[in-house]
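Student: give the three-dimensional model of this entry:
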Amino acid sequence: MKLCKILAVILSLLFAAAIPAFSQRVDAGVDAGESFDRFGALPQNTGAIFDAHGQVAIFKANPKSQIPAIVAGAEAIFPVDTQNHAKEYAIFGGPEFQVKKLTIGFHVQIRKLVVPPSFVQNQFFVRDTMEFIEVPLVLKYKFGPEGRAFIEAQGAPEFGPRFHPPVGYTLPNPHIDHGYFIRASLGYNFGKFYAKATYQTRYLKFNADPGNPNGLYNWRTNAITGGIGVTF
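Tutor: Sure thing, here's the model as predicted:
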């Protein structure tokens, strides 16, 4: 039910944005798959996830005058097992330039990561919720008959997040050493509907200081998902 509510909110926002934009292009979809998460030196956990996402072109691109499209969108990633996998929420927007069959853009986004606690040495280690400002490079290339097949890629380095500690916890904030995320998708457009498969990896490494005991904030996650969407 929570996933359905999240998707409903995303779709409502997209429709609200599309109406004043005279119904420009809208994409919305749902993916499902597996996430593989490891925190510090703890064992890896595997679990099912759902990804609800949508995007609307507020302004359409004009390749002749080199005016980019302006897009806005949102995403929610919800794991079935929230005790071992993170929830993610994001809103984004930015320009996309069209160069023949290649789309090049930048999406300025705010991403919230609700990371799970860990049970270590007979006690719970509760992590802060983190918010990142990300500016990924976004690439999409269409190929094949009528350009129906497509490949998408995006990625960006991670910088220091904003921390939101749980109520009752006062540990110092860790300091990020480095991090990044990469996402790649391969799909096919059937007209109004499309299908795609996606691989995503995210890595966060924090300094070995009192805010990161035993490296428990260090996080590597990989996800493989597949899903369907609609374009109108």
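Student: so what's residue 189 closest to, chain neighbours aside?
Tutor: Leaving aside its sequence neighbours, residue 189 sits nearest to residue 148 (C-beta to C-beta, 6 or more residues apart in numbering; 4.7 Å). Glycine gets a C-beta too; all of them are placed from N, C-alpha and C.
Student: quick check: that neighbour touching residue 188?
Tutor: Yes - counting by C-beta atoms under 8 Å, residue 188 is a contact partner of residue 148 at 5.8 Å.
Student: mutual contacts of these two, please.
Tutor: Counting by C-beta atoms under 8 Å, 6 or more residues apart in numbering, residue 148 and residue 188 have no shared contacts at all.
Student: and the residue nearest to residue 189, how many neighbours?
Tutor: Close neighbours of residue 148, defined as other C-beta atoms under 10 Å, add up to 14.
Student: and for residue 191?
Tutor: Neighbours of residue 191 under the rule other C-beta under 10 Å: 8.
Student: again, but for the one 4 residues further on
Tutor: Residues lying near residue 195 (other C-beta under 10 Å) number 15.
Student: check which helices and strands the strand or helix carrying residue 230 is in contact with.
Tutor: Using DSSP states H and E, residue 230 maps to strand 219-231. Judged by 3 or more C-beta pairs under 8 Å, 6 or more residues apart in numbering; DSSP states H and E, strand 219-231 is in contact with strand 26-39, strand 45-59, strand 193-206.
Student: ramachandran coordinates for the residue lying closest to residue 125 once chain neighbours are set aside?
Tutor: Using C-beta to C-beta, 6+ apart and skipping residues adjacent in sequence, the residue nearest residue 125 is residue 118, 4.8 Å away. Per-residue torsions, residue 118: phi -130, psi 150 (degrees, to the nearest 10).
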